[in-house]
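Enquirer: Sharing a model prediction with you, sequence too.
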Amino acid sequence: MFIQYRKKNMYFKSLIYLFITSILLMLLVTACRPKESKKQEEVPKTKEDFAKQLREIVSPLQSYIPFSPDVNYPYIREDVRVQIMNNVFDFVQENSENPLAQDACKEVAQEVAQWARIAKDNNRWVLALVCIDVYEMLGARSQALQRLRMRGEQLIAQPKIFVRGFLDDKDTGQTTIFVEIINRITGEKKRVAARVGDEFENIRVVEIVPYKNVVRFEYIPIEGMFIDVEGPKF
């Protein structure tokens, strides 16, 4: 009886030993199996490679550039502007010591400068300023684009003007106009009562044309820029 029990015990021990040995062998085979090497990203080697990479970064801008007068192009979104600027910044930082990348920056910068001029010609001033920002971040400098930037910033800062009413003073013969001004950037609204010659918010009241129900304003930051605004019709 004892011998029989001992044989059974040895049998179970052999099974356990065999099981553990199999597990260890499987782990050993798995550990020795060569790992699949990750596919490495292509590293730019020529100026053309860098230029191609950079064009892909700025390519979202092309969806907003009004290349054709027959197409209704959308206005650039703020999230798109931020994403492009961040990606261009990263590219410039990572390749600041590479002369081939710098040459690529100059080449692509000239293309972006042309986009800025097209945007300006179509009164897409926000888009033009984005292109100029990209152009300057790529390390390029241009007095013409700098002047374009100044004009664009002035135009964007120009408030929207609405003439809400007139009040004639029969004793003095003067007319008071009631003007509503909206800041294009903040959306802030302001109401002003003014007469010819008065200035407010970089706006000057030049004249009132009664028979046309029109008020002519001058936008002071840009010399010679006049805005005719029609008043309410009663």
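Expert: Done, it's in. Everything numeric in this text was worked out from a predicted model, so none of it was measured.

Enquirer: tell me the contacts of C131?
Expert: C131 makes contact with 61, 112-113, 115-116, 119, according to CB atoms under 8 Å, 6 or more residues apart in numbering. Where C-beta positions appear, they are placed from N, C-alpha and C, glycine not excepted.

Enquirer: which one is it nearest to, not counting chain neighbours?
Expert: A116 (3.6 Å; CB to CB, 6 or more residues apart in numbering).

Enquirer: The one you found against I132, yeah?
Expert: Yes: using CB atoms under 8 Å, A116 makes contact with I132 at a distance of 5.2 Å.

Enquirer: Spit out the residues that contact those two alike.
Expert: With CB under 8 Å, 6+ apart as the test, A116 and I132 both reach 145, 148.

Enquirer: returning to what we had before: state the distance from the residue nearest to C131 to L61.
Expert: Plainly put, A116 is 10 Å away from L61 if you go by CB to CB, to the nearest Å.

Enquirer: neighbour count winner among those two?
Expert: Counted by other CB atoms under 10 Å, A116 and L61 do not tie: A116 has more neighbours, with 27 against 21.

Enquirer: quick one, strands of this structure?
Expert: Here the chain has its strands, by DSSP state E, at 160-168, 175-182, 189-194, 199-200, 203-209, 214-219, 226-230.

Enquirer: Switch these over to CSV; also include mean pLDDT and mean neighbour count.
Expert: Shown next, in CSV, are the strands of the chain (pLDDT from 0 to 100; neighbours: other CB atoms under 10 Å):
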stretch, mean pLDDT, mean neighbour count
strand 160-168, 93, 14
strand 175-182, 94, 17
strand 189-194, 95, 13
strand 199-200, 94, 14
strand 203-209, 93, 16
strand 214-219, 94, 19
strand 226-230, 92, 13
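
Enquirer: Let me know which of those is the nearest to K47.
Expert: Evaluated over the strands of the chain, closeness to K47 peaks at strand 214-219, with 44.5 Å, by CB to CB.

Enquirer: Low-confidence ranges, the protein, go.
Expert: Scanning the chain for pLDDT under 70 picks out the ranges 1-42, 234.

Enquirer: As a check, name the ranges of all helices in it.
Expert: For the chain, the helices defined by DSSP state H occupy 2-32, 47-58, 78-94, 99-121, 125-137, 143-157.

Enquirer: winner for burial among those?
Expert: A comparison of those by mean neighbour count, using mean count of other CB atoms under 10 Å, puts helix 125-137 on top with a mean of 22.
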